[in-house]
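Engineer: Provided below for reference: sequence and predicted model.
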Protein chains: 2
Amino acid sequence: MTHPPTNTGPDPERTPTQPRPRRRGPRGDLDRAGLVAAATRVVDTQGLTGLTLRKVATEAGVTPTALYTYFVDMADVANAVGDAFLGSLGLPGILTGPGTPRVRLRAVLDRAHSALMDRPGMLALIASRPLAGPHSFAFNEALLRTLTEAGLPPERVRAGAYVLTCFLLGHLATTAPHESGAALERAREGLDPADYPLSFAPVPIDDPLPGAELLLDGILNAR
Amino acid sequence: MTHPPTNTGPDPERTPTQPRPRRRGPRGDLDRAGLVAAATRVVDTQGLTGLTLRKVATEAGVTPTALYTYFVDMADVANAVGDAFLGSLGLPGILTGPGTPRVRLRAVLDRAHSALMDRPGMLALIASRPLAGPHSFAFNEALLRTLTEAGLPPERVRAGAYVLTCFLLGHLATTAPHESGAALERAREGLDPADYPLSFAPVPIDDPLPGAELLLDGILNAR
DNA sequence: ACCTGAACACCGTTCAAGT
DNA sequence: ACCTGAACACCGTTCAAGT
């Protein structure tokens, strides 16, 4: 994906210092999945704020306008990246696998947690917009099915599902390194810890995903 | 805040069609709070994507660079807007008021919900970054105190607090009109509802804040 | 100290033109 | 159909200069 000089061919009429003009027509080695992969690399190396159409194009070795053949706009690119990431987690597979509904739900939380823990850019992307796309819908459907299977009353299933997902995002947003961490640090420095004893108190975290059991208690024990 | 022509004074040497050059020195009627108010107006009328330094400056009747006297950068402006909004809700007042911890917590959820329901730009802003600033910390502190008062074990207080806040944001993000709603619609249109029966099933929502009681059950009944 | 105006290095998006 | 290159209307931020 990174500048494969395939069909540029020999170009007798240029000096070695010039950046070599590319041919115009179809390249053949370009598709949506490859561009999404390039965009994913950009998010992971430059963060969500670094995810620009022009950088994705550079990463993929094409001109910015070429992306408009595969995406309707920049938001479409970002959504595709988020949905592809979610698909890579294989969450529906976990939810339809062995174990009680509860252990499967916990496994989903742990999987997503560990996958996003060291990817602040992807976390920021996932949290910045409602998840849309085939993988997102497939996960949501599997989640609803699991909660139904767990015996949740139908009218509480949907509420339970989004409580779970937003819990995960909320936990990660407060736990994993966040992109706007500098501003948060600035805000903390201006405050007196004595005024906010509970907020500033050091808390030993034993559970890698604190609150998960608490939440599962509340959701699954509802009748 | 909108173009008060105070100390511009008479300017004999300009034609009526020209946009009138402003004086350079201090204006006197400018401060952080007023600029935050101008920025808030921009968020509410133009959305989070419309919240730009240049538009805030225009709304406040100054030059873009003038904002750098009061804010370190654009993120600082956005954080100040979010923190000021949170302060305007008076949430700590509710949490220290009458009623059981549970009804107070529910009142906080309802208050934030109704305040953000018709303000998609502010919702997008609040959800886009970790809440930082004095009002945000004051709310967090009051929330921790309330959960402690409710009898939650100390090691679960912090988890309960962020589960509550992220629940609220998650609920609003899926309920209130979202800025990136167009992309979500696009994604839904490409799917067959028959493949996602539970996701596409119409659900009658009786509780204006579905899941809130479910969540409070889980948090407050933990031992 | 505060604010302006010009300038810089970006950005998403459009469009005509080439292959 | 696919891609380029130029162009347009933005954007945040810097900096010297005026008051």
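Structural biologist: That came through, no problem. Residues are numbered from 1 along each chain as shown, chains lettered A, B, ... in the order given.

Engineer: where's stretch A:36-45 relative to the chain centroid, distance-wise?
Structural biologist: Remark: stretch A:36-45 is offset 11 Å from the chain centroid, using C-alpha atoms, centre = their mean, to the nearest Å.

Engineer: taking the mean pLDDT, what do you get for that stretch?
Structural biologist: Throughout stretch A:36-45, pLDDT has a mean value of 98.

Engineer: what does stretch A:54-72 give?
Structural biologist: Mean pLDDT, stretch A:54-72: 97.

Engineer: Any idea how far apart the tips of that stretch sit?
Structural biologist: Start and end residues of stretch A:54-72 are separated by 15 Å (C-alpha to C-alpha, to the nearest Å).

Engineer: Give me the contact list for the particular helix or strand that has A:Asp217 in it.
Structural biologist: Per DSSP states H and E: A:Asp217 is located in helix A:212-220. Helix A:212-220 has contacts (C-beta atoms under 8 Å, 6 or more residues apart in numbering or on different chains) with A:101-102, A:105-106, A:109, A:147, A:150-152, A:156, A:160, A:163-164, A:167, A:171, A:207, B:156, B:159-160, B:163, B:214-219, B:221-222. (Glycine included, C-beta is placed from N, CA and C.)

Engineer: from these, which would you call buried?
Structural biologist: A:101, A:105-106, A:109, A:147, A:150, A:152, A:156, A:160, A:163-164, A:167, A:171, B:156, B:159-160, B:163, B:214-219, B:222 (16 or more other C-beta atoms under 10 Å in any protein chain shown).

Engineer: Among the residues you listed, which lie within helices?
Structural biologist: Residues of the buried ones among the contacts of helix A:212-220 located in helices (DSSP state H): A:101, A:105-106, A:109, A:147, A:156, A:160, A:163-164, A:167, A:171, B:156, B:159-160, B:163, B:214-219.

Engineer: Just the buried positions in stretch A:29-48, please.
Structural biologist: Neighbour counts over stretch A:29-48 (16+ other C-beta under 10 Å) mark A:30, A:35-44, A:48 as buried.

Engineer: Same check on stretch A:179-194?
Structural biologist: Under the neighbour-count criterion of 16+ other C-beta under 10 Å, stretch A:179-194 has A:179-180, A:183-184, A:187, A:191 buried.

Engineer: Lowest-confidence one in the residues you listed?
Structural biologist: Here the lowest pLDDT out of the buried residues of stretch A:179-194 sits on A:Ser180, with 69.

Engineer: about what we covered before: the buried residues of stretch A:29-48: which ones sit near DNA strand D?
Structural biologist: Residues of the buried residues of stretch A:29-48 in contact with DNA strand D (C-beta under 7 Å from any atom of the strand): A:Leu30.

Engineer: what about the helix or strand harbouring A:Gly121, distance to the chain center?
Structural biologist: A:Gly121 is part of helix A:120-128, with elements assigned from DSSP H and E. Put simply, helix A:120-128 sits 5 Å off its chain's centre (C-alpha atoms, centre = their mean).

Engineer: Let me see the mean pLDDT of it.
Structural biologist: For helix A:120-128, the per-residue pLDDT averages 88.

Engineer: and it, anywhere near chain B?
Structural biologist: Yes: using C-beta under 8 Å from any C-beta of the partner chain, we find that helix A:120-128 touches chain B at A:127-128.

Engineer: I'd like the distance from the residue in chain A that chain B sits nearest to to B:Asp217, if you could.
Structural biologist: Across chain A, no residue is closer to chain B than A:Gly218, which sits at 1.2 Å (C-beta to the nearest C-beta). Using C-beta to C-beta, to the nearest Å, A:Gly218 is found at 5 Å from B:Asp217.

Engineer: Could you do A:Pro64 as well?
Structural biologist: According to C-beta to C-beta, A:Pro64 and B:Asp217 sit 51 Å apart.

Engineer: And for A:Phe139?
Structural biologist: Separation of A:Phe139 from B:Asp217 (C-beta to C-beta): 25 Å.

Engineer: what about the helices in chain A?
Structural biologist: In order along the chain, chain A carries the following helices (DSSP H): A:32-46, A:53-60, A:74-89, A:91-95, A:101-117, A:120-128, A:134-149, A:154-175, A:181-189, A:197-200, A:212-220.

Engineer: Flag the shaky bits of chain A, pLDDT-wise.
Structural biologist: By pLDDT under 70, the weakly predicted segments of chain A are A:1-22, A:173-177, A:180-181, A:203-208, A:210, A:222-223.

Engineer: about what we covered before: could you restrict the ones in helices among the buried ones among the contacts of helix A:212-220 to the ones contacting DNA strand C?
Structural biologist: Restricting these to those within reach of DNA strand C (C-beta under 7 Å from any atom of the strand) leaves nothing.

Engineer: how many neighbours does the nearest residue to A:Phe85 once chain neighbours are set aside have?
Structural biologist: Leaving aside its sequence neighbours, A:Phe85 sits nearest to A:Met122 (C-beta to C-beta, 6 or more residues apart in numbering or on different chains; 5.7 Å). Residues lying near A:Met122 (other C-beta atoms under 10 Å in any protein chain shown) number 21.

Engineer: ok now do A:Met122, which residues does it touch?
Structural biologist: Going by C-beta under 8 Å, 6+ apart, A:Met122 touches A:40, A:43-44, A:81-82, A:85, A:116.

Engineer: Which one of the residues you listed is nearest to B:Ala75?
Structural biologist: Nearest to B:Ala75 out of the contacts of A:Met122 is A:Val43 (C-beta to C-beta; 18.6 Å).

Engineer: my guess is that closest one meets A:Leu116, correct?
Structural biologist: No: contact criterion C-beta atoms under 8 Å: A:Val43 and A:Leu116 do not qualify, at 11.8 Å.

Engineer: distance of A:Val103 from A:Leu91?
Structural biologist: Distance from A:Val103 to A:Leu91, counting by C-beta to C-beta: 14 Å.

Engineer: swap in A:Leu109?
Structural biologist: As for A:Leu109, its distance to A:Leu91 is 10 Å (criterion: C-beta to C-beta).

Engineer: Over to A:Asp195?
Structural biologist: Look at A:Asp195 and A:Leu91: by C-beta to C-beta, they are 42 Å apart.

Engineer: likewise A:Ser114?
Structural biologist: Distance of A:Ser114 to A:Leu91, given as C-beta to C-beta: 13 Å.

Engineer: The two: who's more crowded?
Structural biologist: Between A:Ser114 and A:Leu91, counting by other C-beta under 10 Å, A:Leu91 is the more crowded of the two (23 against 12).

Engineer: was I right about that one contacting A:Glu141?
Structural biologist: No: using C-beta under 8 Å, A:Leu91 is not in contact with A:Glu141, being 10.8 Å away.

Engineer: what does chain A put close to DNA strand D?
Structural biologist: Counting by C-beta under 7 Å from any atom of the strand, chain A sits next to DNA strand D at A:21-28, A:30, A:62-66, A:69-70.

Engineer: ok, how many other residues are close to whichever residue of chain A sits closest to DNA strand D?
Structural biologist: Per C-beta to the nearest atom of the strand, A:Thr63 is where chain A lies closest to DNA strand D, at 2.9 Å. Residue neighbour count, defined by other C-beta under 10 Å, stands at 12 for A:Thr63.
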